[in-house]
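Undergrad: I'd like to go over a predicted model; first the sequence, then the structure.
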Number of protein chains: 2
Amino acid sequence: QGALLKLLAGLRWPPPGRGPEEVARRAGGTASPALGIGLDSCVIPLRHRGLSLVQTTDFFYPLVEDPYMMGRIACANVLSDLYAMGITECDNMLMLLSVSQSMSEEEREKITPLMIKGFRDAAEEGGTAVTGGQTVANPWIIIGGVATVVCQPHEFIMPDSAVVGDVLVLTKPLGTQVAVNAHQWLDNPERWSKVKTVVSRQEVELAYQEAMFNMATLNRTAAGLMHSFNAHAATDITGFGILGHSQSLAKQQRNEVSFVIHNLPIIAKMAAISKATGQFGLLQGTSAETSGGLLICLPRDQAAHFCSEIKSSKYGGGHQAWIVGIVEKGNRTARIIDKPRVIEVLPRGATATVFALDNSSASSDDSSFPF
Amino acid sequence: QGALLKLLAGLRWPPPGRGPEEVARRAGGTASPALGIGLDSCVIPLRHRGLSLVQTTDFFYPLVEDPYMMGRIACANVLSDLYAMGITECDNMLMLLSVSQSMSEEEREKITPLMIKGFRDAAEEGGTAVTGGQTVANPWIIIGGVATVVCQPHEFIMPDSAVVGDVLVLTKPLGTQVAVNAHQWLDNPERWSKVKTVVSRQEVELAYQEAMFNMATLNRTAAGLMHSFNAHAATDITGFGILGHSQSLAKQQRNEVSFVIHNLPIIAKMAAISKATGQFGLLQGTSAETSGGLLICLPRDQAAHFCSEIKSSKYGGGHQAWIVGIVEKGNRTARIIDKPRVIEVLPRGATATVFALDNSSASSDDSSFPF
């Protein structure tokens, strides 16, 4: 199970604290078609009676040790761009894969099918199937996909209709990248020594499990509820962090609005690690996430209902959501207030006593307005 | 202009004589979704009144020195899977790109925009546009894309309806991989010494230019003519060579047919190089091609018309086609006859005197039946 990251020792990329989109940006992303920070999916009007083609692609390098979970995460991450537009169906999925040359035949035969199975299982959970793709050999393992759907106009919600008075809801806690990196540091005494005063090994293990579980969770339920609760716009939170994606979403609005974020739901203890290392910018909203939650603009009177509905056992009981901010009159920008309230989200199965939290905001259930 | 391959010195992959699909196959392709050697594109029936989603993806590593041409080739190669189904339109193109970490900032800023421009220009020639994609950093440069179209039933030709008596037509000469490799050997005295008795430097230069031009040529005209001349099935020739793709196409037939290939149109002198090195299998039909031509099953009385029509100046004058084989009664297999006739296809602009051909079959214009 630890084989994937072991393989990546020495090959690993991106460097800790850098998400794939960040890497892309540094790698000359401006010259690229740059879907990443604009619309999550492209929407192409078709020649056929009002139908639109909605499509997205994403691929990246492994960031968890478990190949099966890595496959699930990659698929969830691709589908998420459709879900951000309130689309709950996917007509087709292609898988993009590279197999690392530095794997032995044995490692390859063990790891590759598990990644593929994880990817396929997540696709199936999304109501679609993998019908094709491309596989190449490469120094690094790459996994990703292409999700495509043909929609009628009522099936998707263009992310441009926020109005003053809306509130912002987030459907997964932040801190995935911090958790993944901290987990690697468990085996790196030098790195570990810099954070061990603020976090225990057990806390990191639990945070990592929680991050992995969250990254592998489809945003499909949230996408469906966007319709039920009349969402005005949404995006998914990935490589540019909650602030980056909020700014991007704000820029696309038709009305003169701005987004203000007051609350940051974060996997417990990850804020402390971010502060101790100074390298992630989690409290500034710039820490990259992988397969993060949806950030959804909802009418104020609907948001609390959304947050309680998504937790319902009819959706499996694995979802949470928090009200994190508001929509004000403004010039299409987004910001985080000076001292945002950090909501420490306890990993599932963890008790509060395991987590020695240094303030009283520990919560895995918060959809109240503190403002 | 030589910067791309220079960069790839030491990084280069696949090794000479191996196409990307070959690499994929050796890299554990059996575990992959394996579109490569089955249907060229996936065809997904949609929920919307008889429409189908047809989609394909391909990505690979650079194989020519010119970044702009590399972009064109990558795009032509992706679109080719749609063209093989007689589809002439493409509703959307996504670009998949990785930028090599080993590039300097300067190299990256010079090369990347050229590759992207080549890709976009070819997409435009295909009547589509690049609306998105993904860019990552990687040890090696990767370029590819995803082509998608939503079709009515009459817009595509399922590759399964060959009948006894059909003939097989090929729309680009073979030998691209040999030409690309031979061109690299010009700078490698040891490799060059093994072929210099059968080919001159000038012949290799011209063959390389011809291969590059052919790989960058869209199969769109051929796709359109498949409808005009009532094609029964087609595939494009890529990593598995003409024999591999013929076998795959034969396997998909509804009727009890087999394909027999009698003629091999090959870029002039590439057959000699393949023989001299013994490593490509060009005369056995197993040499990988990149962005090769379409192999089309046509009714016997239509094939010659197809071959003359495609050369018409109304399609730009850059196309050729040859009758290469026949469809017999059989058990869905394909073979090349013992001593196939090699048609030495002269590079454009080359005169026969430059090419010291050792037999009388030199031709860039042959659509006769030798059998």
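TA: Yes, it's here. Note that the coordinates shown come from a computational prediction; the quantities given were computed from them, not determined experimentally. Residues are numbered from 1 along each chain as shown, chains lettered A, B, ... in the order given.

Undergrad: from now on I want contacts and neighbour counts done on CA atoms only, so please keep to that.
TA: Noted.

Undergrad: domain boundaries for chain A, per the record?
TA: A:31-151, A:166-351 (the TED database).

Undergrad: so which of these is nearest residue B:199?
TA: Each of the domains of chain A was scored for nearness to residue B:199 using C-alpha to C-alpha, and the closest is domain A:31-151 (32.1 Å).

Undergrad: which strands and helices sit next to the longest helix along chain A?
TA: When every helix of chain A is counted residue by residue (DSSP state H), the longest turns out to be helix A:105-125. Counting contacts by 3 or more C-alpha pairs under 8 Å, 6 or more residues apart in numbering or on different chains; DSSP states H and E, the secondary-structure elements packed against helix A:105-125 are helix A:3-8, helix A:67-83, strand A:92-100.

Undergrad: doesn't residue A:173 make contact with residue A:295?
TA: No: Residue A:295 lies out of contact with residue A:173 (C-alpha atoms under 8 Å); the separation is 10.8 Å.

Undergrad: re earlier: of the helices and strands packed on helix A:105-125, which is nearest chain B?
TA: When the helices and strands packed on helix A:105-125 are compared for distance to chain B using C-alpha to the nearest C-alpha, the nearest one is strand A:92-100, at 6.6 Å.

Undergrad: buried residues in the longest helix of chain A, which are they?
TA: When burial is assessed from 16 or more other C-alpha atoms under 10 Å in any protein chain shown, helix A:105-125 yields the following buried residues: A:108, A:111-123.

Undergrad: for these, which one is nearest chain B?
TA: Lowest distance from chain B to the buried residues of helix A:105-125 (C-alpha to the nearest C-alpha) belongs to residue A:113, with 6.1 Å.

Undergrad: quick one, helices of chain A?
TA: Remark: helices assigned in chain A by DSSP H are A:3-8, A:20-26, A:67-83, A:105-125, A:176-185, A:189-193, A:201-215, A:220-228, A:241-251, A:270-277, A:300-309.

Undergrad: what residue in chain A is the furthest from its centre?
TA: Among residues of chain A, the one most distant from the C-alpha centroid is residue A:49; the distance is 33.9 Å, by C-alpha atoms, centre = their mean.

Undergrad: next one: the longest helix of chain A to chain centre, how far?
TA: 21 Å (C-alpha atoms, centre = their mean, to the nearest Å).

Undergrad: and for stretch A:115-128?
TA: 17 Å.

Undergrad: only alpha carbons, please: show it as PDB.
TA: Output for stretch A:115-128, consisting of C-alpha atoms alone and laid out as PDB, is shown next (Å, rounded to 0.1, in the frame of the first residue of the first chain):
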ATOM      1  CA  MET A 115      -5.400   2.800  -9.700                       C
ATOM      2  CA  ILE A 116      -7.600   1.900 -12.700                       C
ATOM      3  CA  LYS A 117     -10.100   0.100 -10.500                       C
ATOM      4  CA  GLY A 118     -10.300   3.100  -8.200                       C
ATOM      5  CA  PHE A 119     -10.900   5.400 -11.100                       C
ATOM      6  CA  ARG A 120     -13.500   3.100 -12.600                       C
ATOM      7  CA  ASP A 121     -15.400   2.700  -9.300                       C
ATOM      8  CA  ALA A 122     -15.600   6.400  -8.800                       C
ATOM      9  CA  ALA A 123     -16.800   6.800 -12.400                       C
ATOM     10  CA  GLU A 124     -19.500   4.200 -11.700                       C
ATOM     11  CA  GLU A 125     -20.500   6.000  -8.600                       C
ATOM     12  CA  GLY A 126     -20.900   9.100 -10.800                       C
ATOM     13  CA  GLY A 127     -23.300   7.200 -13.000                       C
ATOM     14  CA  THR A 128     -20.800   7.000 -15.900                       C
END
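
Undergrad: what average pLDDT does that stretch get?
TA: Per-residue pLDDT values over stretch A:115-128 give a mean of 96.
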